[in-house]
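Q: I would like to see how this sequence folds:
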Amino acid sequence: MPDARPLPRGPHGLARAEVLASQRGRMLDAMAETVAAKGYGAATVADVIEKAGVSRKTFYEHFRDKEACFLDAYDAGVEVLMTTMRARGAKTRPRIRAYLQTLAAEPAFARTFLIEIGAAGPRALCRRQQVHEAFAALAGDADDLALAAVGATNEIVIRYVSEGRTAELPALEDTVVRIYASLLG
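A: Presented below is the predicted three-dimensional model:
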């Protein structure tokens, strides 16, 4: 997730861009944590600003509304996943390992963006579809079989996360590798 370190109290001499990046990162993290704890529907802007330690005015300087913050948090988390996976090279197993380990290390992100994405409305579902297509393309092929491998992986991972077993996700590595091998050869 983005760098969300709190700002030092009092005069700090930080550049405006550093202040804005800190505020934004804290709000994105707060959105993921709040939605993981309460669900998308029950999460409020007030919850996010309280957890992030920013004012309502600051929130609206960064985001149009709760949905915009949620989608930006989703995009930031997905970018971390994609970057981590790409850094493991072109082979499937290391990329799958990176995916599962990253989700296991970020349980709020995993819950929010694998499960709660469905509650965030049509724009969120469209964004999820785009992300699934990007994961399919990362597998080396954006055809229907690659998309099916992404979908099958998603369903298994969601089951673990919804059962509170996020820390166990790395144990799925062999299963997910078999899914990809079965569908993509």
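Q: contact partners of whatever helix or strand Glu79 lives in?
A: Element membership for Glu79, per DSSP states H and E: helix 66-87. Residues outside helix 66-87 that contact it (C-beta atoms under 8 Å, 6 or more residues apart in numbering): 1-2, 27-29, 31-32, 35, 40, 43-45, 48, 59, 62-63, 95, 98-99, 102-103, 106, 109, 112-113, 117, 120-121, 123-124, 127, 131, 134-135, 138. Bear in mind the C-beta positions are built from the backbone N, C-alpha and C, glycine included.
Q: can you check stretch 103-111 too?
A: Stretch 103-111 is contacted from outside by 1, 32-33, 35-37, 77, 81, 114, 157, 161-162, 166-170, using C-beta under 8 Å, 6+ apart.
Q: ok, Leu183 - contacts?
A: Leu183 makes contact with 145-146, 148-149, 152 under the criterion C-beta under 8 Å, 6+ apart.
Q: at 10 Å instead, please
A: Counting by C-beta atoms under 10 Å, 6 or more residues apart in numbering, Leu183 touches 139, 141, 144-150, 152.
Q: ok, Arg97 next?
A: 84-85, 88, 91, 170, 173, 176-177.
Q: for the protein, what are the low-confidence residue spans?
A: The chain contains residues with pLDDT under 70 at 1-13, 142.
Q: tell me which residue is most central in it.
A: Nearest residue to the geometric centre of the chain (C-alpha atoms, centre = their mean): Gly77, 3.4 Å.
Q: so how far is Asp141 from that residue?
A: Counting by C-beta to C-beta, to the nearest Å, the gap from Gly77 to Asp141 is 24 Å.
Q: before we move on, what about Glu67?
A: Taken as C-beta to C-beta, the span from Glu67 to Asp141 is 32 Å.
Q: can you pull the buried residues of the helix or strand just after the helix holding Glu79?
A: Using DSSP H and E, the helix or strand that directly follows helix 66-87 along the chain is helix 92-105. Within helix 92-105, the residues scored as buried using 16 or more other C-beta atoms under 10 Å are 92, 95-100, 102-104.
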